[in-house]
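1. What follows is a predicted protein model with its sequence.
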Amino acid sequence: FNHAHLLSPEALEELIAVPKLLLTSTHREVATSAKKTLTTLYTIFPGQIAADIVTYTDLASTRLPRKKAKTTEAESAAPKRSKKSARAVAARYHGVIGLAAVCASVPYSVPEWLPVAITNVSYHLHDPSPIDAVARAALTEFWRTHTDEWTFHSLQFTQEQVDSLRQSSIPSYFA
C-alpha cells in the first residue's frame, strides 16, 4: 500500500490484468481468489473502476439460451449444458463476479457508481449456479456493511434501485 504511488501506469495495467484474466477461470476457487485480489486492487487504485464496471455490466447482461423442453425421462435425468449455453453462463459469471469485486472494494461508503453496480448484481439472484451464489454473497456483504448507515446511503439510490434491492434482499437469520 505504501509504495503503490511508485507504480507506472503500465505496471498498474499489468498488475490488474492478471486477476482480471483469472476471473475467467473455469475453476471457482481460482475465480474467487481473483475476485478477492481485484477487490484489494480496486481499493488501492479506484481510478480503474469506472472502465471495468462497463465491461462487467456488459458481460453480466449476456443472454442465456432458453432451455429446451425435455422429451424423455433419460434426458431430464441428466442435465447437461450445450457449449453455447456453457459459454453464456461463463461470460455472465465473469461479469457478476467482477461486479461483486467492484462493490466489495468500497465497504461502508456509497460512491456514485455503486447503486448501479449493486442493483445489477441483484438482478442475478435467480440465475443458474454458480452465478446465483456469487450474487447472493455480494448482496449479503453489501447489506452487512451498509445496514448501519442505510438511512444516509439510501439517499444516493433512486427509488427504483431501492425497491429492487429490497425485493431481492437476502432474508436475515434474525428476521
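-> That came through, no problem. Numbers count the residues shown, from 1 in each chain.

2. what about the residue nearest to Ala60 when sequence neighbours are not counted, helix or strand, and which?
-> In space, and not counting its chain neighbours, Ala60 is closest to Gly95: 3.1 Å by C-beta to C-beta, 6 or more residues apart in numbering. C-beta here means a position set from N, CA and C on the backbone, and glycine is covered the same way. Secondary structure from DSSP states H and E places Gly95 in helix 83-104.

3. Same check on Leu139?
-> Element membership for Leu139 (DSSP H and E) is helix 131-146.

4. so how far is stretch 38-51 from its chain's centroid?
-> Taking C-alpha atoms, centre = their mean, to the nearest Å, one finds stretch 38-51 lying 14 Å from the centre of the chain it belongs to.

5. typo on my end, stretch 3-19
-> Remark: stretch 3-19 is offset 22 Å from the chain centroid, using C-alpha atoms, centre = their mean.

6. CA atoms of that stretch as CSV?
-> Listed next in CSV are the C-alpha coordinates belonging to stretch 3-19 (Å, rounded to 0.1, in the frame of the first residue of the first chain):
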residue,chain,number,x,y,z
HIS,A,3,4.6,2.1,-2.4
ALA,A,4,1.6,2.0,-4.7
HIS,A,5,2.3,5.5,-5.9
LEU,A,6,5.6,4.3,-7.4
LEU,A,7,3.9,2.1,-10.0
SER,A,8,3.9,3.4,-13.5
PRO,A,9,0.5,3.3,-15.4
GLU,A,10,1.8,0.5,-17.5
ALA,A,11,2.8,-1.5,-14.4
LEU,A,12,-0.5,-0.9,-12.9
GLU,A,13,-2.3,-2.1,-16.0
GLU,A,14,-0.2,-5.3,-16.0
LEU,A,15,-0.8,-5.8,-12.2
ILE,A,16,-4.6,-5.6,-12.6
ALA,A,17,-4.7,-7.6,-15.9
VAL,A,18,-3.6,-10.8,-14.1
PRO,A,19,-6.5,-11.1,-11.7
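
7. Check the model's average confidence along that stretch for me.
-> Averaging the model's pLDDT scores along stretch 3-19 yields 85.

8. how far is the helix or strand harbouring Ile53 from where the chain is centred?
-> Ile53 belongs to helix 49-60 when elements are defined using DSSP H and E. Taking C-alpha atoms, centre = their mean, one finds helix 49-60 lying 10 Å from the centre of the chain it belongs to.

9. Below-threshold pLDDT in this protein: ranges please.
-> 1-2, 68-81, 170-175 (pLDDT under 70).
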